[in-house]
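Peer 1: Sequence and computational prediction follow.
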Amino acid sequence: MKFRIRRQMFFPMRTRWLLSGSRYLFFLTGILALGYVGFTLLDARLYQVSAKRSLESQIQVEKEQHVLQSAPAAKPAVKRR
């Protein structure tokens, strides 16, 4: 049976501080990026719902106007003698 010993790399204190700081910086950047994407997707979804409602109401108004315009007007009264 062979045991492997993992060797840790020892960096100077300044390098360790820089690596640790960059790790937290990248983690925070990732969290902010995920938040931005979530906000953008939510905004797009809400816009789609709003635009769909607006389009449906415009279609309904057009249908009502078309029905009113195509309905025959009252026939003029014919004078009988």
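Peer 2: Structure's in. What do you need?
Peer 1: And the helices in the chain?
Peer 2: 13-70 (DSSP state H).
Peer 1: Next up, the contacts around residue 66.
Peer 2: Neighbouring residues of residue 66 by C-beta atoms under 8 Å, 6 or more residues apart in numbering: there are none. For the C-beta atoms, the positions are set from N, CA and C on the backbone; glycine is no exception.
Peer 1: how near is residue 6 to residue 45?
Peer 2: Going from residue 6 to residue 45 by C-beta to C-beta, to the nearest Å gives 47 Å.
Peer 1: repeat for residue 61
Peer 2: For residue 61, the distance to residue 45 - C-beta to C-beta - is 25 Å.
Peer 1: Repeat that for residue 53.
Peer 2: Residue 53 sits 13 Å away from residue 45, going by C-beta to C-beta.
Peer 1: count of residues packed around residue 47?
Peer 2: With neighbours defined by other C-beta atoms under 10 Å, the count for residue 47 comes to 10.
Peer 1: and what of residue 32?
Peer 2: Residue 32, neighbours per other C-beta under 10 Å, totals 10.
Peer 1: picking that back up, of residue 6 and residue 45, who's got more company?
Peer 2: residue 45 (10 against 4).
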